[in-house]
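1. The following block contains a protein sequence and its predicted model.
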Amino acid sequence: MSGNIEILLDSSTIILRKDEILLVSPFKGATIGPKEAKKILDTIDQLSQYTKRAIIFDSRMASVNMEARVMLTNEQAAKSKHSMALLVPNLSIKVLANLSYFINRPTYPMRAFLTEKAALIWSHKHLQRENFELMYSSAA
């Protein structure tokens, strides 16, 4: 892929980066509810072309209500996720989010971060691990 593909929605921007990672960035002050979550999931499905992708969801500047959080992380949404990194605004939310992921155990790797750089490093690591495992499992 030569460049990024950017889709503008009513409440957010979704970018399929040239490294194949999807970045979801709600607008500053936006409230993400079920209607907005459905648009985000539909756009992720279209951009993913039915391929699982590493997703970085930046929730630092927006509000995501509980119903939308459930929609964005449930089993139906999992079909398009290789992994999900959540960008959060502070350390206490990061600790709570990571504890919640540890307890609830989604079917894909999920972790909260304070910076996009840390989320990208983690996402790339998981993509490399899966590619390595696929390469050696198909050789067997």
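-> Perfect, thanks for sending it. Residues are numbered from 1 along each chain as shown.

2. how about the spatially most central residue of the chain, what does it touch?
-> Central residue of the chain (Cα atoms, centre = their mean): residue 55, 2.8 Å from the mean position. For residue 55, the contact set (Cβ atoms under 8 Å, 6 or more residues apart in numbering) comprises 21, 22, 23, 24, 44, 80, 81, 82, 83, 84, 85. Where you see a C-beta, it was placed from the backbone N, CA and C, and this is true even at glycine.

3. Return the member of those residues nearest to residue 30.
-> Distance to residue 30 across the contacts of residue 55 (Cβ to Cβ) is lowest for residue 24, with 11.4 Å.

4. Contacts only, for the closest residue to that closest one other than its chain neighbours.
-> Closest residue to residue 24 apart from its sequence neighbours, by Cβ to Cβ, 6 or more residues apart in numbering: residue 57 at 4.6 Å. Counting by Cβ under 8 Å, 6+ apart, residue 57 makes contact with 24, 72, 84, 85, 86, 87.

5. sorry, back to before: and the residue nearest to the centre of the chain, what pLDDT?
-> For residue 55, the pLDDT comes out at 95.

6. my read is it is in a strand, agree?
-> Yes - checked against DSSP: H, G, I helix; E, B strand; the rest coil, residue 55 lies within a strand.

7. Just give me the neighbour total for residue 94.
-> Applying other Cβ atoms under 10 Å, we find 17 residues neighbouring residue 94.

8. swap that for residue 18, sorry
-> Around residue 18 there are 11 residues (other Cβ under 10 Å).

9. surely it meets residue 6?
-> No - with contact defined as Cβ atoms under 8 Å, residue 18 does not reach residue 6; the gap is 11.5 Å.
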